[in-house]
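*Asks:* sequence below, structure please.
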Amino acid sequence: MIVIIFSCLILYAAKPASTSCPLEITPNFVLVPFGGSISAVCKSLSSQLKGMGWESSFGGTGLVKGVSNLTLKIDSLQSWHVSPICFVNLNGSQCTKDLPVTVYNAPTFSQPTNETLTLQVGSQMSLDCSASGNPLPEYSWKMPYTSKVLTETQSVFNSSFKHPGPYECTAANSQGTITKRFTITQAPRPRRTLALMLGLFVGLAVMLCILGYFFVTPQGTFSSKKQSYTPGSATSAPV
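*Replies:* Presented below is the predicted three-dimensional model:
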């Protein structure tokens, strides 16, 4: 008999304590746009409570005594991350329950909507189409030199500049789609380069004139032994 009682005591001591919390939150999760409002009610299912409250960076209430249900109210949520927690103080213990919150938003660009760039051919081209949003946006690009749409996970397109024209970027998620346009024009060649090329052409022309003066005969043939010649005068002939 003593052995049976002792065994029962061991089994009771080894039984894990209940991990359930007598709290009920309605709704049990929230989907809200950035800047939107939240309203959720936390209700205690136990009558042995001393107080309850909401812990939250927005709309938190702290401990409130003498109530069995409490409302979390946020008029305008200005954060992408918020984790409200409802808690209840029971006799000698406290339990909590989380309210999952997902903040979503359509994509918005971090830079001006449209841009115009002037680049030299062969220079590095970097087009920034960065956008914020939740879920994270996906990007696609339309190029002036192809009809194919390039799908990218990166928000910045880097390439060597070869083709002027319109480059169009689209950022999209489940909440919306926005488009940004880059107009790329080709910069004129620097004046120094043009002057250098003109100088080379002039120098080549002068050199050809000099060579013609010394090595082209009056008959229009080329000779490295050109003699002086006066029109109408006799030329020397071998005897």
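*Asks:* switch to C-alpha atoms for all contacts and neighbour counts from now on
*Replies:* Noted.
*Asks:* wouldn't His81 be in contact with Pro100 here?
*Replies:* No. Under the contact definition of C-alpha atoms under 8 Å, His81 does not touch Pro100, with a separation of 10.3 Å.
*Asks:* neighbour count winner among these two?
*Replies:* Set His81 next to Pro100 and count neighbours by other C-alpha atoms under 10 Å: Pro100 wins out with 14 against 11.
*Asks:* residues in contact with that one?
*Replies:* Asn28, Phe29, Val30, Ser83, Pro84 (C-alpha atoms under 8 Å, 6 or more residues apart in numbering).
*Asks:* check contacts around the fourth one.
*Replies:* To tie it back to what came earlier, the one meant is Ser83. By C-alpha under 8 Å, 6+ apart, Ser83 lies in contact with Ser56, Ser57, Asp98, Leu99, Pro100, Val101.
*Asks:* for the first one, same thing?
*Replies:* The contact partners of Asn28, taken as C-alpha under 8 Å, 6+ apart, are Leu99, Pro100.
*Asks:* just say helix, strand or coil for it.
*Replies:* State at Asn28, reduced to three classes by DSSP: H, G, I helix; E, B strand; the rest coil: coil.
*Asks:* tell me the pLDDT of it.
*Replies:* According to the predicted model, the pLDDT of Asn28 comes to 94.
*Asks:* and Cys42, that's in a strand?
*Replies:* Yes. Secondary structure of Cys42 (three-state DSSP): part of a strand.
*Asks:* is it in a bridge, and if so with what?
*Replies:* Following DSSP bridges, Cys42 is listed with bridge partners Ile25, Leu70.
*Asks:* number of nearby residues for it?
*Replies:* 25.
*Asks:* ditto for Val206
*Replies:* For Val206, the number of neighbouring residues by other C-alpha under 10 Å comes to 12.
*Asks:* which SS state does it fall under?
*Replies:* The local conformation at Val206, judged by three-state DSSP, is helix.
*Asks:* ok, now which ones touch Cys169?
*Replies:* Applying C-alpha under 8 Å, 6+ apart, we find Cys169 in contact with Cys129, Tyr139, Ser140, Trp141, Lys142, Thr179, Lys180, Arg181.
*Asks:* give me the sheet partners of whichever helix or strand it is part of and which way each runs.
*Replies:* Taking DSSP states H and E as the criterion, the element that holds Cys169 is strand 165-173. The sheet places strand 165-173 alongside strand 138-142 (antiparallel), strand 176-186 (antiparallel), with pairing taken from DSSP bridges.
*Asks:* output it as PDB, nothing but the C-alphas.
*Replies:* Once side chains and other backbone atoms are set aside, the C-alpha atoms of strand 165-173 remain, and they are given as PDB (Å, rounded to 0.1, in the frame of the first residue of the first chain):
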ATOM      1  CA  GLY A 165      17.300  55.600 -75.200                       C
ATOM      2  CA  PRO A 166      14.600  54.900 -72.600                       C
ATOM      3  CA  TYR A 167      15.200  52.300 -69.900                       C
ATOM      4  CA  GLU A 168      12.100  51.400 -67.900                       C
ATOM      5  CA  CYS A 169      12.000  49.700 -64.500                       C
ATOM      6  CA  THR A 170       8.900  48.200 -62.800                       C
ATOM      7  CA  ALA A 171       8.700  47.300 -59.100                       C
ATOM      8  CA  ALA A 172       5.800  45.100 -58.100                       C
ATOM      9  CA  ASN A 173       4.400  43.100 -55.200                       C
END
